[in-house]
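> predicted coordinates and the sequence they were generated for:
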Amino acid sequence: MLEQKPLVSVILLCYRNASRIRPSINSVLQQDYPALELVISDDGSADFDEADIRTYIEQERTPNLRNYIILHSTENKGTVRNLRAALDAYTGDYYINMGADDRLAANDVISTYIDAFDTFGFNTLLVSGQMAMANEECTVTLNYALNKEDILTLCSGDSKRLFSRLSHRCLPATVATCYSRAFDSIVEGRDTAYRYSEDHHTFQRMARKGIVPVYINRITAYHPAGGVANGGNLYDPQVQESFRADKLRMWKNEIYPYWDDVLPADRKLHRKRLKLDRDNYILNSRFRSVQGKMKKLPALIAHPLLGLLHLNDVTLSTRGRSIEEFRATLRDLSPMFLLALVTLYVLHFAVLLPLPFQQILESIIMGIVFLYALVMVSIATLLALYAFARWRFRKRHN
């Protein structure tokens, strides 16, 4: 008699990205594991077509798909409540939590997870791998979610070391993680006091309870870069505001009461993380919400080096579009400075004006020349720092 394999549920959380869900479904259906359940949970998207998704699943259905569930909320409740709805509905012995545009990296990923659970024993609550940050089509790997120090921390089996690192990093990579059913009841995470951050505070509570995941050294999932959780700017400023509130609440509730357990080196990196979060918030929320090039100028002057000086704990690719917006604004403002400068020179040399007016014009011209030179130097500095930061990041992760 063949051994019956435990049921693994794959949860796909959807919000305004239903158009990109088919490749994610395919990555599940193509698994070689024999007992799968697919749970799709939508968080109030206007473009979510449940009938179309059901038709597609039925057309592509494979023998290993035992069951599928589709949930659709009529209102947007946030990532955490959306996940909680899926967790209430799934029936598997294990589950994987991914976004609707994420992909499993190979057709044996789930089999690898379950083999690890079998190898390390009944008390194992989660198994995790590496997550590749990719382009929207998940065809080009841009970088990786876990750096070398993250991996060493996970492999150490030391929950105190893990908690300390969680003061400024989010690990393991939740998209590349498989959880046992007992995980949530023991850890008591996925707190609905948070709206969008479902994983970071959960892992902090996990580490405080002495739990460390089993790490397998391979890429198990692809995740498109640019989401709100990794500093991207693809969401509305209101979402950025709410996600920042989640982070501030998390530091206050999950880290600062246990500050004595955070190592000195990680305390320093935590302070850098706070600066990075602040800069990303200004860049992706306040700066983007201002309409008009001239109105953006104060933000440019006040924060000319956003995202370039705090690169220890974040990838460059997730902020690429924001950096390009900065550069485009400076580039569009440059002709305005030149036009004003030429106009004043014409007035100064081609028009006979009384001496006091000429002196006033000379002062204005010198001021504009200085300001224009300052802007050009700032652009050159930004480009140089950006190039240096990319070089440093690539060198560190090669």
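Cool, got the structure.
> look up how far Tyr113 lies from Glu58.
Distance of Glu58 to Tyr113, given as CB to CB, to the nearest Å: 26 Å. For glycine as for every other residue, the C-beta is placed from the backbone atoms N, C-alpha and C.
> name the residue in those two with the higher neighbour count.
Per other CB atoms under 10 Å, whichever of Glu58 and Tyr113 has more neighbours is Tyr113, with 26 against 9.
> residues contacting the more buried one?
8, 94, 96, 127, 178, 216, 220 (CB atoms under 8 Å, 6 or more residues apart in numbering).
> from the residues you listed, pick the one nearest Asp42.
Nearest to Asp42 among these is Ile96, at 17.6 Å by CB to CB.
> before we move on, what SS does that closest one have?
With DSSP: H, G, I helix; E, B strand; the rest coil as the basis, the three-state label of Ile96 is strand.
> helix or strand for Ala380, which one?
If you go by DSSP states H and E, Ala380 is part of helix 355-397.
> can you list the low-confidence ranges for the stretch 101-250 of the chain?
For the stretch 101-250 of the chain, the stretches flagged by pLDDT under 70 are 226-236.
> show me where it has strands.
Along the stretch 101-250 of the chain, the segments classed as strands by DSSP state E, counting those that start in this stretch run 103-104, 126-134, 141-144, 177-180, 214-224.
> surely Lys272 touches Arg169?
No. Using CB atoms under 8 Å, Lys272 is not in contact with Arg169; the gap is 11.1 Å.
> these two: which is more packed in?
Arg169 (23 against 16).
> my read: the more buried one touches Ile151, true?
No. Assessed by CB under 8 Å, Arg169 is found out of contact with Ile151, at 11.4 Å.
> list the buried residues of the helix or strand harbouring Leu71.
Assessed by DSSP H and E, Leu71 sits inside strand 65-72. Neighbour-count burial for strand 65-72 flags 65, 68, 70-72 (criterion: 16 or more other CB atoms under 10 Å).
> nearest to Arg54, of those residues?
Closest approach to Arg54 among the buried residues of strand 65-72 (CB to CB): Ile70, at 6.4 Å.
> give the contact list for the closest one.
Applying CB under 8 Å, 6+ apart, the residues near Ile70 are 39-42, 50, 53-54.
> turn those residues into JSON lines, including distance to Phe203, pLDDT and neighbour count.
Converted to JSON lines, the contacts of Ile70 look like this (distance: CB to CB, whole Å; pLDDT from 0 to 100; neighbours: other CB atoms under 10 Å):
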{"residue": "Val39", "distance to Phe203": "22", "pLDDT": "98", "neighbour count": "24"}
{"residue": "Ile40", "distance to Phe203": "24", "pLDDT": "97", "neighbour count": "25"}
{"residue": "Ser41", "distance to Phe203": "21", "pLDDT": "97", "neighbour count": "26"}
{"residue": "Asp42", "distance to Phe203": "25", "pLDDT": "96", "neighbour count": "27"}
{"residue": "Glu50", "distance to Phe203": "32", "pLDDT": "94", "neighbour count": "13"}
{"residue": "Ile53", "distance to Phe203": "30", "pLDDT": "96", "neighbour count": "22"}
{"residue": "Arg54", "distance to Phe203": "34", "pLDDT": "96", "neighbour count": "13"}
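> strands - which of these land there?
Among the contacts of Ile70, the members found in strands (DSSP state E) are 39-42.
> just put the residues you listed in TSV and tack on distance to Tyr256.
What follows is these, written out as TSV (distance: CB to CB, whole Å):
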residue	distance to Tyr256
Val39	35
Ile40	37
Ser41	32
Asp42	35
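> farthest pair in the residues you listed?
Val39 and Asp42 (11.0 Å).
> any common contacting residues for those two?
With CB under 8 Å, 6+ apart, Val39 and Asp42 have common neighbours 70-71.
> ok, back up a step: can I get the strands of the stretch 101-250 of the chain in TSV with mean neighbour count?
Below are the strands of the stretch 101-250 of the chain laid out as TSV (neighbours: other CB atoms under 10 Å):
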stretch	mean neighbour count
strand 103-104	24
strand 126-134	24
strand 141-144	16
strand 177-180	24
strand 214-224	21
